[in-house]
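Peer 1: I'll drop the sequence and a predicted model, then ask my questions.
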Amino acid sequence: MRLLPELIQTYQEFINKQKIMQKIWEVSHLISKSFQDKFPEINPIILQLLANRGFKTQKKIDEFLQPDYSQDVHDPFLLKDMKKAVRRIYQAIKNNEKVVICGDYDTDGVTSSTVLFEVFKKIGVKNLQVYIPDREKDGYGLNKKAIKDFLKQKMDLIVTCDCGVSNIEEIDLANKSNIDVIVTDHHREPPKLPNSLAIINPQLSREKYPFKFLAGVGVAFKLIQGLLKDKECSLSDKEATEKWLLDLVALGTIADFMPLLGENRVLSKYGLVVLNKTRNLGLKSLIKVSSLETGSLDAGNVGYQLSPRINAAGRINHATDALGLFLSVSQDEADEHARHLNSLNTQRQKITEKVFKSIKVNEKDKIIVALDEDWPGGVLGLVANKLVNAFSRPAIVLRKEGKNLTGSGRSTEEFDLFSFLKEQSKYFEGFGGHRGAVGFTLKGTDCFNDFKQSILKKAEKVLDSDMIAPKLFIESEISPDDINWSLYEELIKFEPFGCENSQPNFLIKNVVLEKIQAVGKNDKHYRLFIEGGRKMIYFNSASVMINFKSGEKIDIVFNLEVNQWNGTRELQMKVIDIKKSKIKNKI
């Protein structure tokens, strides 16, 4: 059986149209003069960026620009079940019980499993193992087969990380088998919570924890902090133990696209410092095989170079390949794991591109739904994400698995896909996720057509053209004279950039394009020279720049970066988009 969506328009036809489709530029509302007068010492451009992120008081501004680990990382015991969980783990140590850590197969899950394993082992858990499910065979989270295996192995305690909050039946089975379960998770609260010994999840409505949006590894890290703070902990290097784990905490947080604000910002900022001098042998090898160097790693390197290689393990083979990397005890072992992950990532890229290009899209549909039984489950989310980026609308990609259909969905920034699909619960055997990403299993294959028609019909009503039109968010309009090293030094304080704290897009309007120069292999990049001698780089712009010529007045959206080459260091304006100015050109 081969199931495909109705085919109306090919990938290439639509992409060609997208190339000439102008993005809608949305410029943030200009801050008021009265607001500027409150903070006369702050550059108005920087003040605009702060206001865009919701920071309008001195306290909030200081917390954002000067994050302090000692002040801005919250007490783990503010989480309701933390004391109960810590007490149970130390009981397991005292009684020499068998403990299993159950994680997820993505970067967040693997880093969560690693930090728990390292600290459990260090504080005295002797009978310890890690279980990560097989994406294809077991699916996400705890499963009954695993629980039955734990019973055979006479396990006493299960500690989940980055999963568990929705595993009601599985945890009931564990309880009947006299296995206690501690859940650490960060996913949204389900209609009913499992009957576990303890649930540590800041997303729960019952929680009064000050920050709701920790990654799975962030929640696992809170449990570690609780264990290290407890009076039962006899380690002499508690502070060092905690802080040397921050490289993995930052890695999982950034990779899972959690908001880099609040406590996540603190953990990621300090974690990147640790990552740049990491002691983890596996991370050292992964950095090297990714053609990166410690000392200059940033959030972009984590999100686009390191994380994809870690995720490739669970997508193409098994996530234990990535776990083995982080738990390597020799550099040779770590190097072997890193090379293997690099190879898996190359395979993953080829498979993702092949599946993506095989999908044909109905331009009239406001949400993309694609299904084929031959697609590998490990790339569904990646393909959905590529579809969102290419077609600027939510996308759902499914495959047949046994008697069921499993799927992954991704969404645009403006649209809550989780809430949208949650209303289709009658079709789901399993469902979870958050605003921008979901995973689910349909109740058999027979309901697919009804499910598809239902969401297409609903999308037609709730997704207006403005919500799916390609948009470019611009933080501030500035002039060429504003661009200097002083501004750049202020922008550095906004790092790390990521979810809900994007690298700022700036706009310059009505400038003369003095010169255009093709650069790079096959002349696919362009260097632009504007009035005043300033130069910009516009990557992969050959199809765009054929529409422009020297002497025209243009509007440009760009990022401000630093270009280092042959020992020189200069400010660089990296073009994101370009339009012809609406005012008349003076040639």
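Peer 2: Here it is on my side, so go on.
Peer 1: what about residue 500, neighbour count?
Peer 2: 16 (other CB atoms under 10 Å). Where C-beta positions appear, they are placed from N, C-alpha and C, glycine not excepted.
Peer 1: how about it, what does it touch?
Peer 2: 53, 259-261 (CB atoms under 8 Å, 6 or more residues apart in numbering).
Peer 1: mind checking how far residue 183 is from residue 141?
Peer 2: Residue 183 sits 10 Å away from residue 141, going by CB to CB, to the nearest Å.
Peer 1: for stretch 537-554, how far is the first residue from the last?
Peer 2: Taking CA to CA, to the nearest Å as the measure, stretch 537-554 stretches 15 Å from start to finish.
Peer 1: Would you mind checking the average pLDDT for that stretch?
Peer 2: Averaged over stretch 537-554, pLDDT sits at 92.
Peer 1: in it, what's buried?
Peer 2: Neighbour-count burial for stretch 537-554 flags 537-538, 541, 545, 548, 552-554 (criterion: 16 or more other CB atoms under 10 Å).
Peer 1: and what of stretch 54-61?
Peer 2: Buried residues in stretch 54-61, counting neighbours by 16+ other CB under 10 Å, are found at 55, 61.
Peer 1: Pull the contacting residues for the nearest residue to residue 534 once chain neighbours are set aside.
Peer 2: Of all residues not flanking residue 534 in the chain, residue 480 sits nearest, at 5.7 Å (CB to CB, 6 or more residues apart in numbering). Listed by CB under 8 Å, 6+ apart, the contact set of residue 480 reads 508, 511, 530-532, 534.
Peer 1: Please pick the buried ones from those residues.
Peer 2: For the contacts of residue 480, buried by 16+ other CB under 10 Å: 508, 511, 530.
Peer 1: The last one: what's it in contact with?
Peer 2: It stands for residue 530. Residue 530 neighbours (CB under 8 Å, 6+ apart): 480, 508, 511-514, 536, 554, 556.
Peer 1: ok, of these, which one's closest to residue 284?
Peer 2: Compare each of the contacts of residue 530 with residue 284 using CB to CB and the shortest gap goes to residue 536, at 35.9 Å.
Peer 1: element containing that closest one, please.
Peer 2: For residue 536, the enclosing helix or strand under DSSP states H and E is strand 535-538.
Peer 1: and what of residue 257?
Peer 2: Going by DSSP H and E, residue 257 is not in any helix or strand.
Peer 1: from now on call the first residue 889
Peer 2: Sure, I'll start counting at 889 from here, so that last one is residue 1145.
Peer 1: got a list of what it touches?
Peer 2: 1191, 1324-1325, 1386-1387.
Peer 1: which regions of the stretch 1039-1188 of the chain sit below the pLDDT cut-off?
Peer 2: By pLDDT under 70, the stretch 1039-1188 of the chain has no low-scoring segment.
Peer 1: what does the stretch 1239-1388 of the chain give?
Peer 2: For the stretch 1239-1388 of the chain (pLDDT under 70), the answer is none.
Peer 1: Can you show me the strands along it?
Peer 2: 1256-1259, 1283-1289, 1292-1298, 1316-1322, 1325-1330, 1359-1362, 1364-1365 (DSSP state E, counting those that start in this stretch).
Peer 1: Relative to residue 1239, which of those is closest?
Peer 2: strand 1283-1289 (12.4 Å).
Peer 1: what's next to the closest one, contact-wise?
Peer 2: Residues contacting strand 1283-1289 (CB under 8 Å, 6+ apart): 889, 891, 1024, 1243, 1247, 1255-1265, 1268-1269, 1271-1273, 1275-1276, 1293-1298, 1329-1330, 1333, 1336, 1343.
Peer 1: Mind listing the strands it pairs with, and their directions?
Peer 2: strand 1256-1259 (parallel), strand 1292-1298 (antiparallel) (DSSP bridges).
Peer 1: Nearest approach to residue 955 belongs to which of those strands?
Peer 2: strand 1292-1298 (29.6 Å).
Peer 1: mind saving the C-alpha coords of that closest one as CSV?
Peer 2: The C-alpha atoms that make up strand 1292-1298 are tabulated as CSV, following Å, rounded to 0.1, in the frame of the first residue of the first chain:
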residue,chain,number,x,y,z
ASN,A,1292,-1.4,2.8,12.9
LEU,A,1293,-0.3,6.0,11.3
THR,A,1294,2.3,8.1,13.2
GLY,A,1295,3.0,11.7,12.4
SER,A,1296,4.9,14.9,13.3
GLY,A,1297,3.8,18.4,12.8
ARG,A,1298,5.6,21.8,12.8
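Peer 1: Show the contacting residues for the spatially closest residue to residue 1374 that is not a sequence neighbour.
Peer 2: Leaving aside its sequence neighbours, residue 1374 sits nearest to residue 931 (CB to CB, 6+ apart; 7.7 Å). Residue 931 sits next to 1374-1375, 1378 when contact means CB under 8 Å, 6+ apart.
Peer 1: Looking at the residues you listed, which is nearest residue 1089?
Peer 2: For these, the nearest to residue 1089 is residue 1378 (36.6 Å; CB to CB).
Peer 1: looking at it, the closest one is touching residue 934, isn't it?
Peer 2: Yes - assessed by CB atoms under 8 Å, residue 1378 is found in contact with residue 934 at 4.9 Å.
Peer 1: Hmm, residue 981 is touching residue 1009, no?
Peer 2: No - if you go by CB under 8 Å, residue 981 and residue 1009 don't touch, sitting 10.7 Å apart.
Peer 1: quick one, which of the two is more surrounded?
Peer 2: Between residue 981 and residue 1009, counted using other CB under 10 Å, the more crowded position is residue 981 (17 against 12).
Peer 1: Now for that one, which secondary structure element holds it?
Peer 2: Here residue 981 is assigned to helix 970-982, by DSSP H and E.
Peer 1: can you pull out the helices in the stretch 1289-1438 of the chain?
Peer 2: 1305-1310, 1336-1350, 1353-1356, 1373-1380, 1430-1433 (DSSP state H, counting those that start in this stretch).
Peer 1: which stretch among these comes nearest residue 1001?
Peer 2: Among the helices of the stretch 1289-1438 of the chain, the nearest to residue 1001 by CB to CB is helix 1305-1310 (24.8 Å).
Peer 1: What helices and strands are in contact with that closest one?
Peer 2: If you count contacts as 3 or more CB pairs under 8 Å, 6 or more residues apart in numbering; DSSP states H and E, helix 1305-1310 packs onto strand 1292-1298, strand 1316-1322, strand 1325-1330, helix 1336-1350.
Peer 1: Pick the most deeply packed of these.
Peer 2: Compared across the helices and strands packed on helix 1305-1310, strand 1292-1298 shows the largest average neighbour count, a mean of 24 (mean count of other CB atoms under 10 Å).
Peer 1: Next, the angle from that one to strand 1325-1330.
Peer 2: 170 degrees (axes from the mean of the first three to the mean of the last three CA atoms, to 10 degrees).
Peer 1: Touching strand 1292-1298 from outside, list them.
Peer 2: 1027, 1259, 1265, 1268-1269, 1272-1273, 1275-1276, 1282-1287, 1305, 1309, 1317, 1321, 1324-1333, 1336.
Peer 1: Kindly write the ChimeraX command that selects the buried subset of those residues.
Peer 2: Of the contacts of strand 1292-1298, the buried ones go into a single ChimeraX selection, burial set by 16+ other CB under 10 Å:
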select :1027,1259,1265,1268,1269,1272,1273,1275,1276,1282,1283,1284,1285,1286,1287,1305,1309,1321,1324,1325,1326,1327,1328,1329,1330,1331,1333,1336
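Peer 1: Residue 1054: what's it in contact with?
Peer 2: Applying CB under 8 Å, 6+ apart, the residues near residue 1054 are 1029, 1075, 1078, 1082, 1318, 1320.
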